[in-house]
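Student: compute the structure for the input listed below.
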Amino acid sequence: MFIVSIGAGKNQLPLIRACKDLQCKIIGVDINPHAEGFPLCDFKIIESIYNYHEIYQSLKELLVFDDIAAIVTRSYGEALRTVSYLCQQFKIPHINYTMIDYCIDKSKFRTIANKTITMPHGFTIDKDN
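Tutor: Model (predicted):
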């Protein structure tokens, strides 16, 4: 069973270590060939986490796609877009790729969430008073 970590830098180390503790094989993706998490990974894909099409092609070339159990990240923003796209391609449960902008953009998320969830209202604090 493989876990794909979108990002292999310092921020991803707790996630990569947790996956290793579960005896999973890790495929790390990072643009930095010296990323801190790469020594713990079984396979390395040196690619920007923004280039999800290229990452997908690299994963297909590894011939492990039937054994990919999860695609994960501890990051936010565009990393979520990559996770969503890859999960969609590998038919892994995920946030729908067409809805990912609502997860990345907090104001869009708030607009949707306000329809079903009681959300706290924000306010501005005037530091001069």
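Student: three-state assignment of the residue nearest to Cys24 when sequence neighbours are not counted?
Tutor: In this structure, Cys24 finds its nearest non-sequential neighbour in Ile3, 4.7 Å apart by Cβ to Cβ, 6 or more residues apart in numbering. Every C-beta, even on glycine, is put in place using the N, C-alpha and C of the backbone. Secondary structure for Ile3, judged by DSSP: H, G, I helix; E, B strand; the rest coil, is strand.
Student: for Ile3, list the residues it contacts.
Tutor: If you count contacts by Cβ atoms under 8 Å, 6 or more residues apart in numbering, Ile3 has them with Cys19, Cys24, Lys25, Ile26, Ile27, Ile68, Ala69, Ala70, Ile71, Val72.
Student: and the next helix or strand past whichever strand or helix holds the first one?
Tutor: Using DSSP states H and E, Cys19 sits within helix 13-21. Toward the C-terminus, helix 13-21 is succeeded by strand 25-30 as the next helix or strand (DSSP H and E).
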